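Novice: Sequence and predicted model, in that order:
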Amino acid sequence: MNSGTVAGLWLRLLLLPLLHSRFTQQELPACKPILTPQWVISAFAVVSIIFVPIGVASLLASRDVVEIVYRYDSDCVPASWASDKLAYIQNPNISKTCTRTLTVPKRMKSPIYVYYQLDNFYQNHRRYVKSRNDWQLRDASKANDTSGCDPEDAAGGNPIVPCGLIAWSLFNDTYRFTVSNSNLPVNKKGISWKSDRDHKFGKDVYPRNFQNGTVIGGAKLNSSIPLSEQEDLIVWMRTAALPTFRKLYGKIEVDLQANQTITVTIENYYNTYEFGGKKKLVLSTASWLGGKNDFLGLAYLIVGGLCFFLAAVFTIIYLVKPRKLGDPTYLSWNRNPGGH
Amino acid sequence: MARPGRRRDKLRWSKLYTFSCVRPAVLLDTENPPSLQGPGFSRVVYCNQPRVHRKKPFRYPSNYISTTKYNIITFLPKALFEQFRRVANIYFLLAAILSLTPVAPFSAVSMIAPLCFVVGLSMAKEALEDWRRFVQDMKVNSRKVSIHKGGGKFAYKPWQTIRVGDIVKVEKDQFFPADLLLMSSSYDDGICYVETMNLDGETNLKVKRCLEATLPLDDNTAFQDFSAIIRCEDPNPNLYSFVGNFEYDQQVFALDPSQILLRDSKLRNTSYVFGVAIFTGHDSKVMQNATSSPSKRSRIEKKMDQIIYILFTLLVLISLISSIGFAVKTKYGMPEWWYLQPLRTTNLFDPSQPALSGIFHLVTALILYGYLLPISLYVSIELVKVLQAMFINQDIQMYDEETGKPAQARTSNLNEELGQVDTILSDKTGTLTCNQMDFLKCSIAGVSYGIGSSEVEIAAAKQMASEISGAHERVSSSQNPWENNAFRTSEIELESGITCKIDKVRKSAVKGFIFEDNRLMEGNWSKEASADVILLFFRILALCHTAIPEANEETGSFNYESESPDEGAFLVAAREFGFEFCKRTQSSVFVRERHSSSHPIEREFKVLNILEFNSKRKRMSVIVRDESDQILLLCKGADSIIFDKLSKNGRIYEEETCKHLCEYGEAGLRTLALAYRKLEESEYSAWNTEFLKVKTTIGPERDALLENMADLMERDLILVGATAVEDKLQKGVAQCIDKLAQAGLKIWVLTGDKMETAINIGFACSLLRQGMKQICISTTTADPLAQDAKKVAKENISLQITNASQMIKLEKDPHAAFALIIDGKTLSYALEEDMRYAFLNLAVDCASVICCRVSPKQKAMVTRLVKEGTGKTTLAIGDGANDVGMIQEADIGVGISGVEGMQAVMASDFSIAQFRFLERLLVVHGHWCYKRIAQMICYFFYKNIAFGLTLFYFEAYTGFSGQSVYDDWYMLLFNVILTSLPVISLGVFEQDVSSEVCLQFPALYQQGPKNLFFDWYRILGWMANGIYSSLAIFFLSINIFYNQAFRAGGQTADMAAVGTTMFTCIIWAVNIQIALTMSHFTWIQHLFVWGSVATWYLFLLGYGITSPLYSRNAYKILIEALAPAPIYWVSTFLVTAACNMPYLAHISYQRSVNPLDHHVIQEIKYYGKDVEDRHMWTRERSKARQETKIGFSARVDAKIRQLKGKLQKKYSSMGVLQSA
């Protein structure tokens, strides 16, 4: 292996002006920080000083969030079908409407976000994630491009728009809310990323041949509305990272008072019974950090606490058994003379 | 006088030479010729009939040599095979092939391109290296030599055309193109001089002599009809033996090594020779000696392989877990996952065939988790090593201004091995010494002349001076004036006898002569008290030799072609003293004597006999008749021998001379004693007739008889004086050896030279010193005819080894040092299977080991013994072709460039211009490279484990489907751009301490041989750190981005958001980690580390604004989704801190409780304590060396101990006097 000479030659030619410079002699000015006890202790202390307030702040933010989670997947199945929920959901002749009431535990300031939460749904499965075609979604002229959409690429010999498993399995439960017999409007505009609407889903691309196959998956789409306005689809097409996920359904732009009861009418169409997934309806406010999640705050407190502990430990070490920096007695030849 | 150039060749040396030349050709047809029919003796050479050798069965290899590994056709398959012998490369190849199939989780280009790059680069390296070898071969093959082409005509043809049986005419200073049988030479008696430097490293000329029978063939035309048959041994690597018969004129003559001229040795002092090619090309002895050059790998790299196996096991394990998980999920879960349309799947996701899908998925997983052992590791390491090699090449302090040659790392894959060397095996001639003798001092009639100091003395004196001032300081600072300091210092100066003259610059106008003393120069010697003895001394110098003068037209004086450089130095000295040896004829030597300022008188001395030097006799004599018909025997030889042979009245100066010889020896000079004897006419003639009779006897006892005769003459000598010649060490050799010894390195000297020479050099470079116990292991000259001679010899050696080991064990004195000196013949027994480890154990216990008269093969064998026996890293350094074997065998081979031969350099891994650069190469570059590479590899594994395992954890959340949470581009860029430059800058620029500190604290070097930075503790620690980081990164991120909104706008995180955040955490964590690892930040490191983090954000920004068709879900992810979300920044901060906290705590704890040497030195430097407290700094520097028994420091220590002892005695006796 004679790379040294070859490369040496090359580099010598390239670096000729630098020859004998401080660079080639490896004498560039350098800062050589060393970990003195002061540095270590203050580093840990500073980290803990920063982390603990952040932790407290995030915990407070999380506590501020009011969240109503209602699981309706088994609730909404009539008792007679309880033993065979799958048959119930697959029977198109039975009404799937289901009305329930929820109580607001605390005052919820608008906007209140409405989510559906699915469980045990592998939106992150490789087969699922790949099954889409971004060209087709964006450009009307690429409607016939269904590569990658296998097995949901064509129905009856004609290409499907939007093709692929993701679109095909679009969530189709719907929620309607009433408070004190008055309708509580759910704003379904602006629930998706603006960039998705503007650049990923075409304004002139209309659903075509959708859900016309032998097996019907999820929701049907109104073929007169362009994809860029089908926000449910746009949200759904952003596949979730974990098998348990929430997706934004809409926004309620009215404050809800504590102990108020909300009547929710659920059209329970979506088949999660086959794979034993749960369906939940979530109403939640959001803080600056997002939804309700104590984990971040706790993690900050724990890491901050650990740093504080370490700072203390190093302070004790420094006080109990100080080592003068640069003390030559710690050199190996002084510690065990002749023993090296 | 027929041809020019034969003038002085009229000498018939056999008349004068006693031992080596006169060997009557034994006619074997009457006696029993050795049977040359058996196996191993099948070669038949038809001299002058090369045509016979074109056909079988006498078709032997041509003289074409090739040392290349490949040719045009075999290059591609062979080089590819070499490349894919690396397990890792096979893995990458498989991954690349599989990436073309749909099972791959990534695109094919991202797998194939880096593989092509790595393999292509390595193969290009191989090709270039082989091309260079080819060019070198071609140069040798196309050298021209005069070959007999029939009809008595010779023509110049390239070497490669020579075939066995060709008659070749080689001219002065040419190399022999093949192994030749000497037919005749320009000298009438068919002798020639040969320099075998390239074969065995010996610099003295050897005399070869042809058979009497072929003497008349001394002319081109004589070969017109010549034909003969040689039956001899088959090709073998033994340089010193040859068995064969020469059938000529219906007679059979026995051949022996003295008629064989070996390829690659050089014809000297002889106008031309004729020879018959016996062994050509690869059959020749020198080629047989060549060992194929092995590809070397460093220890770290070998250990890295083990780590790779571990990681590979881990990779297979998690892939298996993944694929089993996948199969289970596919079988039991997938039929229920209607959204995947399980009934319309391919094989890859077929719930009815979970096993098949599982197997497909195994492949996917193996590729996906390939981040655990990335191909970029190899690319980065190669690149780093090349850059390190560049720094070695560029180091101005290893640049030799005289020859203009820089140090050169010829292979870059051994850089880090330089930091782990344990034993250095060094050649002597040309490596330690310049092989140039300088006449420095002499002792005549009991008076020592010559005021110059040898290099050893100069260095020792300097050392002493600094030691004394150091001691002075130590004593005064300890406030314990146990004696008067001033008194003590001056006393030591007095004792050592070396004062300020050390600073005098030694200049020498005449090569080989640096004598300085006005008492002898310019004819002043005649004013000395014993001028007659001085005259005799000079005459011995001028007469007692076998050299030939050669007029130098430029200077008008003479150059001398001598057998050994010592002799040359004597003649130059004699010339400078006014005794110019100017002419040699058959019977006389002419010397131009110039007493004081008078005109030179040319005197003729008739040479009656020359009793020449051999290593057994250790002396040579000439018997001359001067102009007044006085017969004199002039003798020079080893002092021990000469002193035994002095007559009673010849011992007047013995005591003083003895003392002087001791001093000279101590100063590292080569000494010889000179003596003479006056002979009566009658005594001489009586002896001579007897001598002539013995000379012509035939039989095995002839040599012994001749020696007896010589002994008879060389007795009752009168001592004249002694000479001291400095075998000039190369610049800085002694200091370098001293430093290397302090760094804890063991140094062995392996030389082809004589034992005495080797011992002298041992003294000169402080490997030996007075007071060191020398263990000489040698063979007793057992009767070679005895059947069990070998057995006896072996037993004897075994006994010597056991005794010596016993002696070392029983030694109580901690300062006692032993030196082992062994010669080649003994070594051949000691290296045999049953004895080698006993020998090695003994050698390891000795402070220095000197092996003399070793063949190139033995050098390699010793190297292998050390390498394999001790299991430590060995470094071999040499300059000649005879060192090639050793250089190739050792873990690291270093060639000295700058001398004529290039073979050693060609075979070496590193080449330096001077031995002294070895210190910097090892102590600075080796130390740095070792630490850099070790840290770099550890970090590399860390970062890839930290990254690769997050992919695995995520798998468990995707039903083991092989989906990765990161965008393909993130993964591709992770190793290529985002984390590569910081780790490369760590590998190229990291310095724990500066180069000056490395040199000042040689003990720091021991961190390498002790392998403090790449032991399993450290490697596994780093791996654990990687696993911890992967867990922290993954689970913290996942839990932060679980299912709830991550923004005030209520949006939930999709896979792209989670993946990007996680990846941001990884980039931060690993870059902060490397910043914690580094201790040396130049702007380059800052740029690379912080630049990498910045590059990530810039990339994300750039990637986000490309068309969503390419960036897909990463479209505008930073500006739209993540950057405005505080949780993104907050979680990055949290994860980074959590990942690096344990490492920071660990290193802080290590440093505060158990600091390593370089930590303390860094602190001293950081606080400028070295400037503040100079005394402490010097004290630590002097302590920072390994316990050593060789080198100057050890010598000075011994001297100081001795002086202290003396002074204490003196002091106490003074005290006694005072009190009395």
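Specialist: All right, it came through fine.

Novice: CA atoms for contacts and neighbours, from now on please.
Specialist: Fine.

Novice: what about the stretch 401-550 of chain B, any weak spots by pLDDT?
Specialist: Residue ranges of the stretch 401-550 of chain B with pLDDT under 70: B:455-456, B:459-510.

Novice: Show me what from it comes close to chain A.
Specialist: B:408-413 (C-alpha under 8 Å from any C-alpha of the partner chain).

Novice: One more pass at 10 Å, please.
Specialist: When proximity is defined as C-alpha under 10 Å from any C-alpha of the partner chain, the stretch 401-550 of chain B approaches chain A at B:408-415.

Novice: For residue B:758, give its distance to chain A.
Specialist: 30 Å (C-alpha to the nearest C-alpha, to the nearest Å).

Novice: Ok, residue B:844 next?
Specialist: From residue B:844 over to chain A (counting by C-alpha to the nearest C-alpha), the distance is 16 Å.

Novice: can you check residue B:515 too?
Specialist: Residue B:515 is 39 Å from chain A, by C-alpha to the nearest C-alpha.

Novice: Residue B:536 too?
Specialist: 54 Å.

Novice: does the nearest residue to that residue once chain neighbours are set aside count as helix, strand or coil?
Specialist: Using C-alpha to C-alpha, 6 or more residues apart in numbering or on different chains and skipping residues adjacent in sequence, the residue nearest residue B:536 is residue B:720, 7.5 Å away. On the three-state scheme (DSSP: H, G, I helix; E, B strand; the rest coil), residue B:720 is labelled strand.

Novice: And residue B:720, what's its pLDDT?
Specialist: Note for residue B:720: predicted pLDDT of 90.

Novice: and what of the one 5 residues further on?
Specialist: pLDDT for residue B:725: 85.

Novice: Number of residues surrounding it?
Specialist: Residues lying near residue B:725 (other C-alpha atoms under 10 Å in any protein chain shown) number 29.

Novice: And the residue of the stretch 551-700 of chain B that's closest to chain A?
Specialist: residue B:666 (27.9 Å; C-alpha to the nearest C-alpha).

Novice: Please name the residues that touch that residue.
Specialist: Listed by C-alpha atoms under 10 Å, 6 or more residues apart in numbering or on different chains, the contact partners of residue B:666 are B:456-457, B:660, B:760, B:763-764, B:766, B:768-770.

Novice: Dump the residues you listed into TSV; add neighbour count, secondary structure and distance to residue A:261 as well.
Specialist: Listed next are the contacts of residue B:666 as TSV, based on neighbours: other C-alpha atoms under 10 Å in any protein chain shown; DSSP: H, G, I helix; E, B strand; the rest coil; distance: C-alpha to C-alpha, whole Å:
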residue	neighbour count	secondary structure	distance to residue A:261
B:456	22	helix	103
B:457	19	helix	105
B:660	25	helix	118
B:760	23	helix	107
B:763	22	helix	104
B:764	31	helix	104
B:766	28	coil	100
B:768	31	coil	102
B:769	28	coil	103
B:770	14	coil	106
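
Novice: Looking at these, spot the one nearest residue B:1014.
Specialist: Nearest to residue B:1014, judged by C-alpha to C-alpha, of those is residue B:766 at 33.8 Å.

Novice: isn't that closest one right up against residue B:1194?
Specialist: Yes. Using C-alpha atoms under 10 Å, residue B:766 makes contact with residue B:1194 at a distance of 8.4 Å.

Novice: Now do the shared contacts for the two.
Specialist: residue B:738.

Novice: For stretch B:696-709, buried residues please.
Specialist: With burial defined by 16 or more other C-alpha atoms under 10 Å in any protein chain shown, the residues of stretch B:696-709 counted as buried are B:702-703, B:706-707, B:709.

Novice: From residue B:629, how far off is the residue nearest to residue B:536?
Specialist: For residue B:720, the distance to residue B:629 (C-alpha to C-alpha, to the nearest Å) stands at 21 Å.

Novice: where does the stretch 1101-1220 of chain B dip in pLDDT?
Specialist: B:1186-1193, B:1195-1196, B:1198-1200, B:1202, B:1209-1220.

Novice: in it, which spans are helices?
Specialist: B:1108-1111, B:1126-1153, B:1157-1166, B:1169-1172, B:1174-1183, B:1191-1219 (DSSP state H, counting those that start in this stretch).

Novice: And for the first one, what's in contact with it?
Specialist: To tie it back to what came earlier, the one meant is helix B:1108-1111. A:133-135, A:138, A:195-196, A:199-200, B:967-969, B:1100, B:1102-1105, B:1114-1117.

Novice: which is the next helix or strand following the host helix or strand of residue B:865?
Specialist: Assigned by DSSP states H and E, residue B:865 falls within helix B:856-870. Heading C-terminal from helix B:856-870, the first helix or strand you meet, by DSSP H and E, is strand B:873-878.

Novice: which other helices and strands contact the helix or strand that that following strand is followed by?
Specialist: Following strand B:873-878 in sequence order, the next helix or strand is helix B:884-889 (DSSP H and E). Where contact means 3 or more C-alpha pairs under 10 Å, 6 or more residues apart in numbering or on different chains; DSSP states H and E, helix B:884-889 is packed against strand B:421-426, helix B:856-870, strand B:873-878, strand B:892-896, helix B:903-907.
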